[in-house]
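>>> Give me a model of this one.
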Amino acid sequence: MILSVKNLKVRFKHDGETVNAVDDIDFTMQENEVLGIVGESGSGKTVTALSVMNLLPRTDCLVSGEIVKKTGVAMIFQEPFTSLNPVLCVGEQIDEAVRMRGKAAKKDIKKQTLSLLKKVKLNFPERIYESYPHLLSGGQRQRAMIAMALALSPGLLIADEPTTSLDVTIQAEILNLVMGLKKELGMSVLFITHDFGIIGKVADRVLVMKDGKIIESGPSSEVLSSPRAGYTKKLIEAVPHIRTGLDEEGYPRRGKTLPSDRTPGGEVSLNETEARSHRTIVNVKNLSKTFITEKGIFKRSSGCVRAVRSVNLEIKEGKTLGVVGESGSGKTTLAKLLVGLLEADSGTVETLAGAHSAQIVFQDPYSSLDPRMRMQEIVLEGPAIRGAGKNEKEKILQEVLFKVRLNLKDRMKYPHQFSGGQRQRIALARALAVRPRILVLDEPVSSLDVIIRSEILNLLRDIQRELALTYVFISHDLAVVERIADDVAVMYKGEIVEFASSARIYGSPKHSYTKRLIASAL
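Alright, predicted model coming up:
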């Protein structure tokens, strides 16, 4: 046994009240074991991990119970961008971890850091060493965090939602990397996630947490196949899956009608003529956008990135276009071009819905909502700019909050006083307040746990039916896109390499990149 947790209780004091974040839990870990902890946001998963690491705040936090560690412990966090120091290059930060171990001579520290960067399969380790975090991709930053953890030679690695914000191919690479290192170095892994789909791939045993308690535990195969608790069943059912299989060559099966909950009949129509019978509301012609990269204090040009390359698209009124692709494929740049937040270098975006008819909802509602503004001010900012009077604004506020299932009595709260799912509803209400006909949704559910994600997707579907909205739904999660999209555009290196009905894309993909994306998600 390398870790024993007994009677762990963690309570936080907030505004005169005490919140039980972890409520009397017990568990152990064995050598070379992968233990998964699963639950929604707020279930106590991360607080449990921070307790093991002794990283909980020293003020307004009461901890009791016993934690016995018989090995060194290191942790990798959910969002490496906020975990890495933005003013230090990556190599310097890993050097610090190597020094903490205290076994390397000063002249050998950089050599060990470069060796760690190679171990986590980062190409061009010398360049990565000299790079600042903002110059790396999400997958590269997470690999750098893993290298930093390995510098401490841990016997136990705690991985707290390490793949949540990554696209499917990078997610698969990180999971394979962690499991490969676990085998190579003989580590145990405590893997924290809200996604049972991941747990089924990596964990030997699983603990299911809810409201700070462990409500179910056992071998992951047994919990997944025969869950006892109703909450566990709900978590498993909320995991989106691509509804297809692989053929003998490892590619998605072809010519298959895919079941879907997008339509009352539960089937996706394969009739291409019917799919194109709706009027084109947005016509994108030869759209291109290039960014100039700069370096040095004098901002000298050092190159360029062709983010969007000669994109052509027809978006049908009242339908949902899904845009999929890896990080860096150009999805978000396309989204900003569609709503006018960026100016194209060439090409046009023609809309029949009129000027200012499109609104955008961003991936992270916490960073896209002004923390100094109350909820009602955020929602009504658009109508106020357009000159709406007091009575009209009050009516709009009531209408949109009702549509997104938010309580009017919470109108005076600030963003930090809402949950992640509620903040995304606020962002949606803000977009709806100006009565758009087109909504561009840029990764709107990627930062949410599986149950809240399912609720937001159902909400989006209901609002679309009620208001006859057109959606452009951008995501790296192919299972989510399959659930909501009528048509799908696949982006790769700024280009649309495949465009067809959702049923055709998932049932009979043509492009090798599309096949690889779908295979990574299965």
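>>> and the helix or strand hosting Leu50, average pLDDT?
Element membership of Leu50 [criterion: DSSP states H and E] is helix 45-53. Mean pLDDT, computed over helix 45-53, is 93.
>>> pLDDT value on Met148, please?
pLDDT at Met148 comes out at 93.
>>> Now tell me what touches the helix or strand where it lies from outside.
Taking DSSP H and E as the definition, one finds Met148 inside helix 138-150. Residues outside helix 138-150 that contact it (C-beta atoms under 8 Å, 6 or more residues apart in numbering): 74-77, 80-81, 83-84, 90, 93-94, 97, 113, 116-117, 119-122, 128, 133, 136, 157, 162-163, 165-166, 170, 173-174, 177-178, 181, 185, 327. (Each C-beta comes from the backbone N, C-alpha and C, glycine too.)
>>> Not counting residues beside it along the chain, what's closest to Asp477?
Ser446 (6.5 Å; C-beta to C-beta, 6 or more residues apart in numbering).
>>> For stretch 424-443, list the C-alpha coordinates in CSV.
Provided in CSV are the C-alpha atoms of stretch 424-443 (Å, rounded to 0.1, in the frame of the first residue of the first chain):
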residue,chain,number,x,y,z
GLN,A,424,-22.6,29.4,-19.6
ARG,A,425,-26.4,30.0,-19.4
ILE,A,426,-25.6,33.7,-18.7
ALA,A,427,-23.4,33.9,-21.7
LEU,A,428,-26.2,32.3,-23.8
ALA,A,429,-28.8,34.8,-22.3
ARG,A,430,-26.5,37.7,-23.2
ALA,A,431,-26.4,36.5,-26.8
LEU,A,432,-30.2,35.9,-27.0
ALA,A,433,-31.0,39.3,-25.5
VAL,A,434,-30.3,41.1,-28.9
ARG,A,435,-32.6,38.6,-30.7
PRO,A,436,-30.1,37.1,-33.1
ARG,A,437,-31.0,34.7,-35.9
ILE,A,438,-27.6,33.0,-35.9
LEU,A,439,-25.6,31.8,-32.9
VAL,A,440,-22.0,30.8,-33.3
LEU,A,441,-21.1,28.5,-30.3
ASP,A,442,-17.4,28.2,-29.9
GLU,A,443,-16.7,25.1,-27.7
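>>> buried stuff in it?
The neighbour-count check on stretch 424-443 (16 or more other C-beta atoms under 10 Å) flags 424-434, 436-443 as buried.
>>> can you check stretch 372-392 too?
In stretch 372-392, counting by 16+ other C-beta under 10 Å, buried: 374-376, 378-380, 382-383, 388.
>>> now the stretch 151-300 of the chain, which segments are flagged as low pLDDT?
165, 243-277, 293-300 (pLDDT under 70).
>>> Tell me if I'm right that the residue nearest to Asp477 and Thr164 touch.
Yes - taking contacts as C-beta atoms under 8 Å, Ser446 lies within contact range of Thr164: 7.4 Å.
>>> All the helices of the stretch 201-350 of the chain, residue numbers only.
220-225, 230-238, 272-275, 331-339 (DSSP state H, counting those that start in this stretch).
>>> can I get these in a markdown table with distance to Cys61 and mean neighbour count?
Listed next are the helices of the stretch 201-350 of the chain as a markdown table, based on distance: least, C-beta to C-beta, whole Å; neighbours: other C-beta atoms under 10 Å:
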| stretch | distance to Cys61 | mean neighbour count |
| --- | --- | --- |
| helix 220-225 | 30 | 16 |
| helix 230-238 | 26 | 17 |
| helix 272-275 | 55 | 12 |
| helix 331-339 | 37 | 23 |
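>>> what about those helices, which gets the closest to Val400?
helix 331-339 (18.5 Å; C-beta to C-beta).
>>> what's the helix or strand for the residue nearest to Asp477?
Going by DSSP H and E, Ser446 is not part of any helix or strand.
>>> And it, how far from Val34?
In this view, Ser446 and Val34 are 24 Å apart by C-beta to C-beta, to the nearest Å.
>>> follow-up on the earlier one: in contact with the residue nearest to Asp477, which residues?
Contacts for Ser446 (C-beta under 8 Å, 6+ apart) come out as 164-165, 363, 475-477.
>>> Tell me which entries of those lie within helices.
Secondary structure from DSSP state H places none of these in helices.
>>> just the buried members of those?
164-165, 363, 475-477.
>>> Show me which pair in the residues you listed is furthest apart.
Longest span within the buried ones among the contacts of Ser446, C-beta to C-beta: Thr164 and Ser475, 13.3 Å.
>>> ok and the helix or strand hosting Met179 relative to helix 138-150, angle-wise?
According to DSSP H and E, Met179 maps onto helix 168-185. Orientation check (axes from the mean of the first three to the mean of the last three C-alpha atoms, to 10 degrees): helix 168-185 against helix 138-150 gives 20 degrees.
>>> In helix 168-185, which residues are buried?
168-175, 177-178, 181-182.
>>> Would you mind putting those into JSON lines with distance to Val481 alongside?
Below are those laid out as JSON lines (distance: C-beta to C-beta, whole Å):
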{"residue": "Val168", "distance to Val481": "11"}
{"residue": "Thr169", "distance to Val481": "15"}
{"residue": "Ile170", "distance to Val481": "17"}
{"residue": "Gln171", "distance to Val481": "15"}
{"residue": "Ala172", "distance to Val481": "17"}
{"residue": "Glu173", "distance to Val481": "20"}
{"residue": "Ile174", "distance to Val481": "21"}
{"residue": "Leu175", "distance to Val481": "21"}
{"residue": "Leu177", "distance to Val481": "25"}
{"residue": "Val178", "distance to Val481": "26"}
{"residue": "Leu181", "distance to Val481": "31"}
{"residue": "Lys182", "distance to Val481": "31"}
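>>> Looks like Gln112 contacts Val98 (just checking).
Yes - if you go by C-beta under 8 Å, Gln112 and Val98 touch, sitting 5.1 Å apart.
>>> who has more neighbours, those two?
For Gln112 versus Val98, neighbours defined as other C-beta atoms under 10 Å are more numerous around Val98 (23 against 19).
>>> which secondary structure elements does the helix or strand that the helix holding Met148 is followed by contact?
Next in sequence after helix 138-150, counting helices and strands by DSSP H and E, comes strand 156-160. If you count contacts as 3 or more C-beta pairs under 8 Å, 6 or more residues apart in numbering; DSSP states H and E, strand 156-160 packs onto helix 45-53, strand 73-76, helix 168-185, strand 188-193.
>>> mean confidence for the second one?
Just to be clear, that refers to strand 73-76. Taken as a whole, strand 73-76 has a mean pLDDT of 93.
>>> just the helices in the stretch 351-500 of the chain please.
Using DSSP H, counting those that start in this stretch, helices in the stretch 351-500 of the chain cover 365-368, 375-379, 381-385, 390-403, 420-432, 450-467, 478-484.
>>> Out of these, which is closest to Ser226?
Closest among the helices of the stretch 351-500 of the chain, using C-beta to C-beta: helix 450-467, at 19.4 Å.
>>> got the angle between that closest one and helix 420-432?
Using the same axes, to 10 degrees, helix 450-467 lies at 20 degrees relative to helix 420-432.
>>> who's in contact with helix 450-467?
40-41, 194-196, 234-235, 238-240, 262, 318, 320, 403-405, 419-421, 424-425, 428, 432, 441, 444-445, 448, 469, 471, 480, 483-484.
>>> mind redoing it with 7 Å?
Residues from elsewhere that reach helix 450-467, judged by C-beta atoms under 7 Å, 6 or more residues apart in numbering: 40, 194-195, 234-235, 238-239, 403-405, 420-421, 424, 444-445, 448, 469, 471, 480, 483-484.
>>> Run the chain-centre distance for that helix.
Centroid separation between helix 450-467 and its chain, computed with C-alpha atoms, centre = their mean, to the nearest Å, is 17 Å.
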